[in-house]
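Peer 1: 3D model of this:
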Amino acid sequence: MDDDADGAPADPRIHRSPDDTDIDLTEATLALHDWEVQEEELRREAIQNRKPFEGLQVDPDIDFYPEVADREPGDRNIVRVGFDIHPQVTFWAAGFLTVFITLSLVFTEATAGAFSAILDFINTKLGWLYILDFNIFVGVALYFAFSRYGKIKLGGPFARPEFSTGAWYAMLLSAGLGIGLMFWGVAEPIFHLSSPPPLFDVEAGTGAAGKAALATTYLHWGIHGWALYGLVALALGFFAYNRGLPLTFRSIFYPVLGPKIYGNWGHAIDTLTVVATLFGLATSLGFGAGQAAAGLHKLFGLPEGTGFQILLIAVITGLATISVVAGLDAGVKRLSQINIYLAGAFLIFVLLVGPTLFILSLFTQSLGYYIQVLPEFAFWNEAFTGTSWQAGWTIFYWGWWISWSPFVGMFIARISKGRSVRELLTGVIFLPSILCFLWMAVFGGSAIDLQLSGERDVATAVNENVATALFDMLEAFPLTGFVSLVGVLLLVSFFVTSSDSGSLVVDHLTSGGKLDSPKPQRVFWAIMEGAVAVVLLLGGGLSALQTAAVATGLPFAVILLVMCWSMKKAFDEELDLLESHYDEVIFRSQHKGLIDTLKSRLAAGLKK
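Peer 2: Next up, the predicted model:
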């Protein structure tokens, strides 16, 4: 350090020009503030004036994988008669689904028996794997979010979000919630009130059972599932936006497989992803069709059998197809925002006309109880109880979350460029979990209060037909007909949003990662999704839907563990780059214009 003339050490904050004239640090600070203001303005403009998606919109500055640097998403596609398809993934997936649909329609009884046998095998032999996997997912997600990896951004250090935070949350909530909350919001807490999990050892139909019922529901709709969604979204977004690989599931495994992701290994991974996504969506669509039919039956006396449910699937698939054709900006985004407004109004209405103080007290108490029992409950696997309660609940839910994870994860990745690892994971895990808890406390708490007070026997209605649970509870409140109609409209809106979002994701997968594939291709996959839902309803109803979710999630239970390891390797590479080249390469290349402006201002007018 240089000394001043009097021998005192020079202040390191003071910089001198060649002629030893001091620079006014106050003015320099103001210049830096102006710089930050310009940065924020650029960020707002990037959100407001964002152009429609075309291609990947990313060209990494450094080719981490030079052996495939010349590859482009969909560069080996077949482009004919309005389709732009990756041949292996599309033909394998479409072929499997066609065979499945055909055999299920021809051999309906045999299909139902096969579904039951598969579900029984997974529940009795492999349930422990689902339990262990989901706890690992939570641990890995928290580690990535709150460790040094949290500062990594999707798209590079200075990437800007392409959607506002409000729109981002609306889309991820609509894609990840939707039909499930509508179907199980009343039914699941009432089921657990009538038959509490053996872990709690409480008497059915009591206050203690009510508290345990909500804690159990929180487990199935809380941080475990959302942590998985966040991890899958993070992995897909990172390898697409930071590495320039196709936005497909195969890209996640490049650190493990290398260029083999473009061969049969990659084809198999993406094909499995397509099938799992379609079966996971079909499960939800089947639940939604049953509940919508039940609501319309109560409102207008319409039939609620399988035939009418199939008609509903056909109609709503048609609406989803229109939204898919409109695209992400014009269709999915607007529907997602409408969903959030409708759901918020529905939630507030039930909270206000229901037992408000009881709901708020129960929400607070059950949330604390959930946190208290979570460490044991999350790992509980009925090893000493000799019961099979988990087969129909936790194992089903974990399989369902897994089967939805490629779809929801890819959709979140698709809208999350510019978000940091920490921002994405905390945003995806915590706010949606809290909203799920609040939803379950409002609807489930209202139903529990009606049941325990004897005002209405909701449990009998749930046991007779689980799809009618919500509408049976609404009969205890004012404006029953109008509110039930709003519930049906909200259900249909979620139905359409889930369907069109899923169809867009499947379309990306079967086009080799292209984000701007032809409209006829989007229509094809939207119709295929509805067809699978119809076949599952014909092949065994609720049992078939549960089997589809659990069985397709099984291979992913292993694949997702490999994904976590692959992400760790890639994040280490990214941080090595940032730490060794941040100042001299990345920062200067991204902000050269602003740095030059600041330098000129300092040289020209910021001297004493």
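Peer 1: use CA for all of it now, contacts and neighbours both
Peer 2: OK.
Peer 1: please report how far the residue most central in space within the chain lies from P478.
Peer 2: Centroid-nearest residue in the chain: V408, 3.6 Å away (criterion: C-alpha atoms, centre = their mean). V408 sits 36 Å away from P478, going by C-alpha to C-alpha, to the nearest Å.
Peer 1: over to A526?
Peer 2: 38 Å.
Peer 1: which of those two has more residues huddled nearby?
Peer 2: Taking other C-alpha atoms under 10 Å, A526 and P478 do not tie; A526 has more neighbours (28 against 13).
Peer 1: check which helix or strand that one maps to.
Peer 2: Taking DSSP states H and E as the definition, A526 sits inside helix 519-538.
Peer 1: for that helix, list every residue counted as buried.
Peer 2: Neighbour counts using 16 or more other C-alpha atoms under 10 Å place 519, 521-523, 525-538 of helix 519-538 among the buried residues.
Peer 1: which elements pack onto the helix or strand harbouring the residue nearest to the centre of the chain?
Peer 2: Assigned by DSSP H and E, V408 falls within helix 394-414. With contacts taken as 3 or more C-alpha pairs under 8 Å, 6 or more residues apart in numbering; DSSP states H and E, helix 394-414 sits against helix 127-146, helix 165-176, helix 207-221, helix 223-241, helix 264-300, helix 480-510, helix 542-581.
Peer 1: tell me which of those helices sits nearest to G386.
Peer 2: G386 lies closest to helix 127-146 among those, at 13.9 Å (C-alpha to C-alpha).
Peer 1: can I get the closest one in PDB, CA atoms only?
Peer 2: Output in PDB follows, covering the C-alpha atoms of helix 127-146 (Å, rounded to 0.1, in the frame of the first residue of the first chain):
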ATOM      1  CA  GLY A 127     -43.300 -48.800  -1.100                       C
ATOM      2  CA  TRP A 128     -40.200 -48.100   1.000                       C
ATOM      3  CA  LEU A 129     -38.400 -46.800  -2.100                       C
ATOM      4  CA  TYR A 130     -40.900 -44.100  -2.600                       C
ATOM      5  CA  ILE A 131     -40.700 -43.100   1.100                       C
ATOM      6  CA  LEU A 132     -36.900 -42.900   1.000                       C
ATOM      7  CA  ASP A 133     -36.700 -41.100  -2.300                       C
ATOM      8  CA  PHE A 134     -38.900 -38.200  -1.300                       C
ATOM      9  CA  ASN A 135     -37.000 -37.500   1.800                       C
ATOM     10  CA  ILE A 136     -33.800 -37.400  -0.200                       C
ATOM     11  CA  PHE A 137     -35.400 -35.000  -2.600                       C
ATOM     12  CA  VAL A 138     -36.300 -32.600   0.200                       C
ATOM     13  CA  GLY A 139     -32.700 -32.800   1.600                       C
ATOM     14  CA  VAL A 140     -31.100 -32.200  -1.800                       C
ATOM     15  CA  ALA A 141     -33.400 -29.300  -2.700                       C
ATOM     16  CA  LEU A 142     -32.700 -27.500   0.600                       C
ATOM     17  CA  TYR A 143     -28.900 -28.200   0.200                       C
ATOM     18  CA  PHE A 144     -28.900 -26.700  -3.300                       C
ATOM     19  CA  ALA A 145     -31.000 -23.700  -2.300                       C
ATOM     20  CA  PHE A 146     -29.100 -22.600   0.800                       C
END
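Peer 1: pLDDT of it, averaged?
Peer 2: Helix 127-146 carries an average pLDDT of 95.
Peer 1: and it, what does it pack against?
Peer 2: When contacts are defined as 3+ C-alpha pairs under 8 Å, 6+ apart, helix 127-146 packs onto helix 223-241, helix 356-379, helix 394-414, helix 421-453, helix 542-581.
Peer 1: what's around G139, how many residues?
Peer 2: G139, neighbours per other C-alpha under 10 Å, totals 12.
Peer 1: distance check, it against F146.
Peer 2: 11 Å.
Peer 1: which strand or helix spans G344?
Peer 2: Applying DSSP H and E as the criterion places G344 in helix 333-353.
Peer 1: export that helix to PDB, keeping only CA atoms.
Peer 2: What follows is helix 333-353, C-alpha atoms only, in PDB (Å, rounded to 0.1, in the frame of the first residue of the first chain):
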ATOM      1  CA  LYS A 333     -50.700 -17.700 -19.200                       C
ATOM      2  CA  ARG A 334     -54.100 -16.100 -19.300                       C
ATOM      3  CA  LEU A 335     -55.900 -19.200 -18.200                       C
ATOM      4  CA  SER A 336     -53.400 -19.600 -15.300                       C
ATOM      5  CA  GLN A 337     -54.200 -16.100 -14.100                       C
ATOM      6  CA  ILE A 338     -57.900 -16.700 -14.400                       C
ATOM      7  CA  ASN A 339     -57.500 -19.800 -12.300                       C
ATOM      8  CA  ILE A 340     -55.800 -18.000  -9.500                       C
ATOM      9  CA  TYR A 341     -58.400 -15.300  -9.300                       C
ATOM     10  CA  LEU A 342     -61.300 -17.800  -9.300                       C
ATOM     11  CA  ALA A 343     -59.500 -20.100  -6.800                       C
ATOM     12  CA  GLY A 344     -58.800 -17.100  -4.500                       C
ATOM     13  CA  ALA A 345     -62.400 -15.900  -4.600                       C
ATOM     14  CA  PHE A 346     -63.600 -19.500  -4.000                       C
ATOM     15  CA  LEU A 347     -61.300 -19.900  -1.000                       C
ATOM     16  CA  ILE A 348     -62.200 -16.600   0.600                       C
ATOM     17  CA  PHE A 349     -65.900 -17.300   0.200                       C
ATOM     18  CA  VAL A 350     -65.700 -20.600   2.000                       C
ATOM     19  CA  LEU A 351     -63.500 -19.100   4.700                       C
ATOM     20  CA  LEU A 352     -65.900 -16.300   5.400                       C
ATOM     21  CA  VAL A 353     -69.200 -18.200   5.300                       C
END
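Peer 1: contacts for it, please.
Peer 2: Here helix 333-353 makes contact (C-alpha atoms under 8 Å, 6 or more residues apart in numbering) with 167, 170-171, 173-175, 359, 439, 442-443, 446, 477-478, 483, 486-487, 490, 493-494, 497.
Peer 1: buried subset of the residues you listed?
Peer 2: Neighbour-count burial (16+ other C-alpha under 10 Å) applied to the contacts of helix 333-353 gives 167, 170-171, 173-175, 359, 439, 442-443, 446, 483, 486-487, 490, 493-494, 497.
Peer 1: what is the least confident helix or strand in the chain?
Peer 2: Within the chain, no helix or strand scores below helix 588-590, which has a mean of 48 by mean pLDDT, DSSP states H and E.
Peer 1: what are the ranges of the helices in the stretch 1-150 of the chain?
Peer 2: In the stretch 1-150 of the chain, the helices defined using DSSP state H, counting those that start in this stretch lie at 25-48, 87-106, 108-125, 127-146.
Peer 1: by mean pLDDT, show me the worst of the ones you listed.
Peer 2: Note on the helices of the stretch 1-150 of the chain: helix 25-48 shows the lowest mean pLDDT, a mean of 63.
Peer 1: check what pLDDT the residue nearest to N77 when sequence neighbours are not counted gets.
Peer 2: Among residues not flanking N77 along the chain, H86 sits closest, at 4.6 Å (C-alpha to C-alpha, 6 or more residues apart in numbering). Per-residue pLDDT puts H86 at 90.
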